[in-house]
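just need the structure, nothing else, for what follows:
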Amino acid sequence: MNQPLDVAPAWRRFAALVYDLLAVVAIVMVVGLLAQLATGGHIADDKGRLVAWWYQPLQGLVIGAYFFFSWTRGGQTLGMRPWRIRVTDAQGHAVGGRRGLLRLAVGALPLLLLLIYPVTSLKIALLAPLVGWLVLLLPAFVDRRARGVHDRIAGTEIRRIAT
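I've put the predicted structure just below:
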């Protein structure tokens, strides 16, 4: 399928996601360390249950902020920079707050699948969001503008940056 020259191929998106996964792991570690310091090491009890109710929402908020501000302030996450790709609107302009928030919300929907844990195994509950993200991203391989579901809903796309 022919694509316009400025549209980033889907494989670049997936490569950038691998890089961004490393950034997210680092963010989780730093927030975890700060939370441990703030609670004196008492985020969880002896059985591993979270005592600090705010810990997981804080992790989600900080990770979401990383993506939101990366997309709306320059159009690139750390993972997008080496692959020379950028998030834009359909006309190639910077992504505004509304589009960035919509893209983030739709992209985060598969995390709701973690809620199946009480009725299934931990393994299935952890695989479910991965399958959800795959469903969101697979249309990028067949869409003329290489857009995933979250990009189509938010009116965004991923473009190559001219060298």
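
now find how far off-centre stretch 59-68 is within its chain.
Distance of stretch 59-68 from its chain centroid, counting by CA atoms, centre = their mean, to the nearest Å, is 9 Å.

and that stretch, average pLDDT?
For stretch 59-68, mean pLDDT rounds to 96.

check stretch 20-35 too.
95.

let the chain start at 40 from now.
OK, 40 is where the count begins now, so the last one is stretch 59-74.

which residues does it contact?
With contact meaning CB atoms under 8 Å, 6 or more residues apart in numbering, stretch 59-74 is reached by I82, A91, Y94, L97, Q98, V101, I102, Y105, T116, L117, G118, M119. Using the backbone N, CA and C atoms, a C-beta is placed for each residue, glycine as well.

the first one: neighbour count?
To tie it back to what came earlier, the one meant is I82. Using other CB atoms under 10 Å, I82 has 16 other residues around it.

excluding chain neighbours, what is closest to it?
In space, and not counting its chain neighbours, I82 is closest to A91: 4.7 Å by CB to CB, 6 or more residues apart in numbering.

isn't the one you found right up against G80?
No - contact criterion CB atoms under 8 Å: A91 and G80 do not qualify, at 10.8 Å.

and these two? Which one has more around it.
For A91 versus G80, neighbours defined as other CB under 10 Å are more numerous around A91 (14 against 9).

what about the more buried one, which helix or strand?
Per DSSP states H and E: A91 is located in neither a helix nor a strand.

ok, now which ones touch it?
Each residue near A91 by CB under 8 Å, 6+ apart is listed here: A74, T78, H81, I82, A83.

okay, who's weakest in these by pLDDT?
A83 (79).

neighbours of that one, how many?
14.

from A55, how far out is the nearest residue to V174 once chain neighbours are set aside?
Spatial nearest neighbour of V174, chain neighbours left out: V188 (7.3 Å); criterion: CB to CB, 6+ apart. Separation of V188 from A55 (CB to CB, to the nearest Å) stands at 17 Å.

just to be sure, E196 is in a strand?
Yes - judged by DSSP: H, G, I helix; E, B strand; the rest coil, E196 forms part of a strand.

what bridges to it?
Following DSSP bridges, E196 is listed with bridge partners T127.

what sits against L176?
Contacts for L176 (CB under 8 Å, 6+ apart) come out as A49, R52, F53, G187, V188.
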